[in-house]
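S.K.: Output the structure for:
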Amino acid sequence: MVWGAVASVGLSMVLGFLWYSPFSLGKLWMKATFPGQTYTEIREGGNPAAWPLTMCSCSILVSVLHYFVGPYLGVTSVPAALKVGLALSVTDFLANFPHQLYNRASLVTYLIDHSYNAAVFTSSCLCLVYFS
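M.R.: Coordinates of the predicted model:
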C-alpha cells in the first residue's frame with residue numbers, strides 16, 4: 001500500500017498541475033474565481049504555503065482513503081476501486097452543492113474544482129488497489 005499511497009499523492013499533484021494550468025482549465029478557472037484580475041496579479045498575491053499545504057492535505061486524504069478502501073470496505077479489485085472512487089466523487093459533488101447555491105459562487109469554478117476532486121478520488125482509489 002505504500003507504493004499506492006506514493007503514486008496517489010504524485011498523481012494528484014500531476015493532475016492538479018494539468019487541470020489548473022493555463023493550457024487546460026486554468027484560465028477559465030482564474031477568470032471565474034478572480035474576476036477582473038490578470039494572471040500576474042493573481043500570481044503576485046499567491047500564498048507561498050499553498051504547495052506544502054496541498055501536499056499535506058493530499059497525504060491526509062490518501063491516508064483516509066487507504067483505510068476506507070482497504071480495511072473498511074475490503075476492496076481488492078480495480079473495477080471495485082473505480083466504483084468506490086466514482087461513488088465518493090458523486091457524494092462530494094452532492095454534499096457541497098448546497099454550499100455552492102448558498103454562497104452564490106461561480107458555477108464554472110464549482111464544476112472545475114469538483115471534476116478535479118472526482119479525478120483525484122478515482123485515481124487515488126485505483127492506485128491504492130492496483131499497487132497493493
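
S.K.: Nearest residue to the spatially most central residue of the chain in space, please, no chain neighbours.
M.R.: Most central in the chain under Cα atoms, centre = their mean is Asn117, positioned 3.1 Å from the mean C-alpha point. Leaving aside its sequence neighbours, Asn117 sits nearest to Asp92 (Cβ to Cβ, 6 or more residues apart in numbering; 5.4 Å). For glycine as for every other residue, the C-beta is placed from the backbone atoms N, C-alpha and C.

S.K.: Enumerate every residue touching that neighbour.
M.R.: Counting by Cβ atoms under 8 Å, 6 or more residues apart in numbering, Asp92 touches 114, 117-118, 121.

S.K.: Report the buried residues of the helix or strand bottoming out on mean pLDDT in the chain.
M.R.: Here the helix or strand of the chain ranked lowest by mean pLDDT, DSSP states H and E is helix 39-44, holding a mean of 77. Within helix 39-44, no residue counts as buried by 16 or more other Cβ atoms under 10 Å.

S.K.: repeat for stretch 22-30
M.R.: So stretch 22-30, judged by 16+ other Cβ under 10 Å, has buried residues 25-26, 28-30.

S.K.: Identify, from the residues you listed, the entry nearest to Met55.
M.R.: Proximity of the buried residues of stretch 22-30 to Met55 (Cβ to Cβ) peaks at Gly26, which lies at 19.4 Å.
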